[in-house]
Structures are given as C-alpha cells and as structure tokens.
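Visitor: From the sequence below, what's the structure:
(2 chains)
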Number of protein chains: 2
Amino acid sequence: MRELGAKAVTTNKVAARAGVSVGSLYQYFPNKTALFTAVAERHALETEQAILPLLDRLAVEPPEELVDTVVEALVALERVDAVLHAELMRLSLWGQTSGVIQTCRRTFEAHLADLLARRAADLPRPLDPTATARVLVRAMGGVFEVCAQEPDEGFDDALLTETLTRMVAGTLGYS
Amino acid sequence: MRELGAKAVTTNKVAARAGVSVGSLYQYFPNKTALFTAVAERHALETEQAILPLLDRLAVEPPEELVDTVVEALVALERVDAVLHAELMRLSLWGQTSGVIQTCRRTFEAHLADLLARRAADLPRPLDPTATARVLVRAMGGVFEVCAQEPDEGFDDALLTETLTRMVAGTLGYS
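Guide: Numbering: from 1, shown residues only, chains lettered A, B, ... in the order given. Got it, this is the predicted structure:
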C-alpha cells in the first residue's frame, strides 16, 4: 500500500506480493475492507510500539526537554496516522476502519494525560492533564490530516516543527 | 438537517418542509448529494459572514485582546464546521462535499495570515504568518472534529476554552 497508494491495491497484486494464491488470500481477507482493517490494526500496533519508548523517555526527561519530547511523540504518531487516515477516506473505508484508529488515539491520549499528571511538578503551571492531552493529540491530528490530504500545500518541515513547538509549549503552560 | 440529523433527512421531508412537491425539489436537487453540497455551500457562506466581522475586530483589537479574539474566531468557525463535517462523514458524502469546506478553510487561513502579518508589531516575537495561521486553523479543526464525532467524551466548555487559549497564545509566540 505504501508503495502503490491504496487505490492501486488489488487483491491480485496483494496475493502476488505475498506469494499466495488469490484463493488463499480471500480465505483471510474476503474483501478490500477486511484487508484495510487489518492494515489499520497493524498500524495501530506499530504506532504503539513506536510511541511507548517516547512516553517512557517523557517520564524521566529533564524538565527543559519535556516540550521537545512531547512534540516528537505527537509528530511520530500523527504524521503516520494522517497518511493512513487520508488513504482510508479517499477509499471511503474510513467508516469501517476508523474505530481502530480512534482506539489508538484514545490510548495515546490516556498515556499522555497520565504522564502529564505525573510530571505536574515540572510544568510551569497547574493544568488539567486529560483536557491538555486531548487538545494536544487532536490538534496535532488536525494539522497532519490536512497536510496529508492536501500535500501540494506542503510546509517547510523546519518551519512546521517550530510552529508546532510553540503550540505545544503554550498548551503545556509555558506562557 | 440540524433538527433531525442528516440520516433522517429524506427528500420527502425536505419537500414537505419547504412546501414544494417532491418533483419540484428534484428539479433543483436530483439526489441527496446535491442537496448536501448545497447545504455545505450555504454553510461556507454563512461562516464567512460570521467570521468577517471577527477578522475586522482583529485588525484593530488592542494587543492584549488579540489572543482572545483569535480563539473566538477559530472556535466560531471550527465548531460549526466540525458538526457538518461529522454528519457528512457519517453519510459517506464527505468525498463529494469536502471541496466546499476545504475552500472555506483556506479562505479563513489566508485572511488570518494576512491579519497576523499586519499585526506583526503587536505580537511578542517574529513568526511566519502563513505557517502560524495554517497550524492554528487546522489544529482547532482537529480538536472540534474529534469532539463532534465522539460527543460522549464532551469537555467542560470552560476547561476546553482555557486549554485552547493556552494553545493559541503559545502558537502566537506568547511564551
């Protein structure tokens, strides 16, 4: 899918790549929706595996590194999510697969809220960890969703990171 | 649509409400997609009419009111957009109608970028007006999109506004 774009994915091509017959493939994935639901599920797992070490780092990070690590974790999650999200929307498969991605996002929000609660003493002011985590994750999702769907508008990456860092710092109370 | 939810909208009900025959309605809107595209277009117009006075205020606002007015403008645009967006997604009509809403968002991004450029001297530090406007509008869109699609999670409104205000202040360089 990453190579060809989701539109070009046919069960024939997937079967050829996997080195199995179309018949065997259909046993596991009776249609494209089942196939993409599996892709979304694997994506959710991979994302969790990529995010967990960042969250671990966040738990012990010196206070002055907190903002950068939060930005790194959010970008890692949302940038990949947004590409998959855009593909699934284009295929009108979003309705059938969004549950997987929603669960993934909620898990991340809960982890982040938990960490913000534990690092409260290192933040410059009191804040509600749950509300802050939700706003951060969803805001970052909105930014990358549009960027993935309208890539011609593409930002300069350094400028985008700088702007997002200001956004995260502000949301964490550095203002 | 606002009263019944989009799912319950049938051409029969629309015709009855409008006091016209189903035949006349079909002359203008041959199907539900055409009807909802018209809804999206009217929404885009109404939004622009609601936002323009806020943008005018932003042009002359004392510096200390800038953040609150930006938050107000973003919330005004995105909260309504998100509800429509969620309905159109649920109906799988997003593909056919998203262009209208994208145009609306881009117009707002361009207006906001223009204003930030003009108010540069009143902001605490130099920033890229286009990147900042895009991040703000898209971030706010992401927050309200999720809130509209999963309303059971609903925030306390005061807490949400407080968190969003920190986010906007930070993105505008108040940190």
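Visitor: give me the low-pLDDT residue ranges for chain A?
Guide: Scanning chain A for pLDDT under 70 picks out the ranges A:1-11, A:92, A:94-95, A:151-154.
Visitor: OK, now which residue of it is nearest to chain B?
Guide: residue A:170 (1.1 Å; C-beta to the nearest C-beta). Every residue, glycine included, has its C-beta placed from N, CA and C.
Visitor: Leaving out the residues flanking it, which one is nearest to that residue?
Guide: In space, and not counting its chain neighbours, residue A:170 is closest to residue B:170: 1.1 Å by C-beta to C-beta, 6 or more residues apart in numbering or on different chains.
Visitor: For residue A:43, give its distance to residue A:130.
Guide: In this view, residue A:43 and residue A:130 are 25 Å apart by C-beta to C-beta, to the nearest Å.
Visitor: picking that back up, list the contacts for the residue nearest to residue A:170?
Guide: By C-beta atoms under 8 Å, 6 or more residues apart in numbering or on different chains, the residues touching residue B:170 are A:166-171, A:174-175.
Visitor: mind checking the SS state of it?
Guide: Recorded secondary structure, residue B:170: helix (DSSP: H, G, I helix; E, B strand; the rest coil).
Visitor: Can you report how many residues neighbour residue A:48?
Guide: When neighbours are defined as other C-beta atoms under 10 Å in any protein chain shown, residue A:48 has 15 of them.
Visitor: quick one: buried residues of the strand or helix carrying it?
Guide: If you go by DSSP states H and E, residue A:48 is part of helix A:32-60. For helix A:32-60, the neighbour count (16 or more other C-beta atoms under 10 Å in any protein chain shown) marks A:32, A:35-37, A:39-41, A:43-44, A:47, A:51, A:54-55, A:58 as buried.
Visitor: repeat for stretch A:111-118
Guide: Taking 16+ other C-beta under 10 Å as the criterion, stretch A:111-118 shows A:111-113, A:115-116 as buried.
Visitor: nearest to residue B:12, of these?
Guide: The nearest member of those to residue B:12, counting by C-beta to C-beta, is residue A:113 at 46.5 Å.
Visitor: element containing the closest one?
Guide: Element membership of residue A:113 [criterion: DSSP H and E] is helix A:94-118.
Visitor: Just after that helix, pick out the following helix or strand.
Guide: helix A:129-149.
Visitor: For that following helix, name the packing helices and strands.
Guide: Counting by 3 or more C-beta pairs under 8 Å, 6 or more residues apart in numbering or on different chains; DSSP states H and E, the packing neighbours recorded for helix A:129-149 are helix A:66-90, helix A:94-118, helix A:157-171, helix B:129-149, helix B:157-171.
Visitor: looking at those helices, which is closest to residue A:147?
Guide: Going by C-beta to C-beta, the one of those nearest residue A:147 is helix A:66-90, 6.7 Å.
Visitor: now that closest one and helix B:66-90, what's the angle there?
Guide: Counting by axes from the mean of the first three to the mean of the last three C-alpha atoms, to 10 degrees, helix A:66-90 lies at 30 degrees to helix B:66-90.
Visitor: Mind listing what's buried along helix A:66-90?
Guide: Residues A:66-67, A:69-75, A:77-78, A:80-89 are the ones in helix A:66-90 that count as buried (16+ other C-beta under 10 Å).
Visitor: Is it in proximity to chain B?
Guide: Yes. Using C-beta under 8 Å from any C-beta of the partner chain, we find that helix A:66-90 touches chain B at A:89-90.
Visitor: Check which helices and strands that helix sits against.
Guide: Judged by 3+ C-beta pairs under 8 Å, 6+ apart, helix A:66-90 is in contact with helix A:32-60, helix A:94-118, helix A:129-149, helix A:157-171, helix B:94-118.
Visitor: Surely residue A:164 touches residue A:73?
Guide: No. Judged on C-beta atoms under 8 Å, residue A:164 makes no contact with residue A:73 at a distance of 11.8 Å.
Visitor: Identify the residues contacting residue A:139.
Guide: Neighbours of residue A:139 in contact, by C-beta under 8 Å, 6+ apart: A:167, A:171, B:139-140, B:142-143, B:167.
Visitor: could you dump the residues you listed to JSON lines with distance to residue A:124?
Guide: As requested, the contacts of residue A:139 are exported to JSON lines (distance: C-beta to C-beta, whole Å):
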{"residue": "A:167", "distance to residue A:124": "16"}
{"residue": "A:171", "distance to residue A:124": "12"}
{"residue": "B:139", "distance to residue A:124": "21"}
{"residue": "B:140", "distance to residue A:124": "23"}
{"residue": "B:142", "distance to residue A:124": "24"}
{"residue": "B:143", "distance to residue A:124": "22"}
{"residue": "B:167", "distance to residue A:124": "15"}
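Visitor: Distance check, the residue nearest to residue A:144 when sequence neighbours are not counted against residue B:69.
Guide: In space, and not counting its chain neighbours, residue A:144 is closest to residue A:82: 3.6 Å by C-beta to C-beta, 6+ apart. Distance of residue A:82 to residue B:69, computed by C-beta to C-beta: 29 Å.
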